[in-house]
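**Student:** when you get a sec, could you give me coordinates for this:
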Amino acid sequence: MIIHAMEFHEFSHCKSLLDMMEDGEFVFKYKHELEIKFEEMLTWFINVKLGITTRPIPPYASNNRKVDLLGLYMVVKHDGGYRNVTDNNLWVVVAKNIGYEYHDGDFMRIMCTMYLDVLVYYYKFKTVQGRVIDKEVVEQDEGPSDSHHERRKSDRDVQDEEAIHHYALFVGNDWEGAKKMQKKRRSIRFQASYEGHGRS
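**Tutor:** Numbers count the residues shown, from 1 in each chain. Here you go, the predicted structure:
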């Protein structure tokens, strides 16, 4: 009943569904219902929140087979997230685990980049932000209020929101944007590795 009643008009609604999906047994038990809601959530998130209308939901592979985005989300999450899967060359394993062939690994990586990566970024950001706000509320209850602290917190929140939108716009360039994001990540990892080697 709760799953069927869910609607998506702001990101907190998406977060509620993703919070429920932290329980793997729950997902397994209600997989069919959650597949439908997961696609509804992604439709709102990509089309309305990000303003990207060029990505079909659900996507289909070249053989006209529907991509199981919920399954992809859960498997990548179980395997440590996008970065861990990429760094350890596990996309072929991800593809096999959701019923595709090993040679579909790169296709699964692209699907994850285009449909799930920014969603996970938002979700992690909002989860951490919620914990920080809860901590600040407790600290404020224990001591006198500080208007300067409140102003600085507000400025930080604005900067965080801007960072999210920049990330979303960067990924929002569809196939070309996904390629640019991969090149940028590789460049950052190479630079960090080079600097670390130079200091050693």
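
**Student:** which stretches in this protein count as helices?
**Tutor:** Under the criterion DSSP state H, the chain contains helices at 2-5, 11-20, 24-29, 31-43, 69-78, 82-87, 91-97, 105-115, 117-142, 147-171, 174-199.

**Student:** so which elements touch the shortest one?
**Tutor:** So the one you mean is helix 2-5. Using 3 or more Cβ pairs under 8 Å, 6 or more residues apart in numbering; DSSP states H and E as the contact test, the elements touching helix 2-5 are helix 31-43. Using the backbone N, CA and C atoms, a C-beta is placed for each residue, glycine as well.

**Student:** ok, now the fifth one?
**Tutor:** Contacts of helix 69-78 with other secondary structure elements, assessed using 3+ Cβ pairs under 8 Å, 6+ apart, are made with helix 24-29, helix 31-43, helix 91-97, helix 105-115.

**Student:** which of the ones you listed sits closest to residue 17?
**Tutor:** Taking Cβ to Cβ as the measure, the helices and strands packed on helix 69-78 were each checked against residue 17, and helix 31-43 came out nearest at 5.6 Å.

**Student:** quick one: contacts of the closest one?
**Tutor:** Under the contact criterion Cβ atoms under 8 Å, 6 or more residues apart in numbering, helix 31-43 has outside partners 3-4, 6, 8, 13-14, 17, 21, 27, 57-58, 68-70, 73, 115, 119.

**Student:** contacts only, for the closest residue to residue 91 other than its chain neighbours.
**Tutor:** For residue 91, the nearest residue in space outside its immediate sequence neighbours is residue 105; the separation is 3.6 Å by Cβ to Cβ, 6 or more residues apart in numbering. Taking Cβ under 8 Å, 6+ apart as the criterion, residue 105 is in contact with 91-95.

**Student:** is it true that residue 104 touches residue 62?
**Tutor:** No: with contact defined as Cβ atoms under 8 Å, residue 104 does not reach residue 62; the gap is 9.6 Å.

**Student:** comparing those two, which residue is more hemmed in?
**Tutor:** residue 104 (22 against 7; other Cβ atoms under 10 Å).

**Student:** can you tell me how far the closest residue to the more buried one other than its chain neighbours sits from residue 106?
**Tutor:** Distance criterion Cβ to Cβ, 6+ apart; nearest residue to residue 104, sequence neighbours excluded, is residue 95 at 4.2 Å. Here the criterion is Cβ to Cβ, to the nearest Å. By it, residue 95 lies 9 Å from residue 106.

**Student:** now do the same contact list for residue 76.
**Tutor:** With contact taken as Cβ under 8 Å, 6+ apart, residue 76 is in contact with 82, 85, 94, 112, 116.

**Student:** most surrounded residue in these?
**Tutor:** residue 112 (25 neighbours).

**Student:** right, and that residue touches residue 72 too?
**Tutor:** Yes: using Cβ under 8 Å as the test, residue 112 is close enough to residue 72 to be in contact (6.1 Å).
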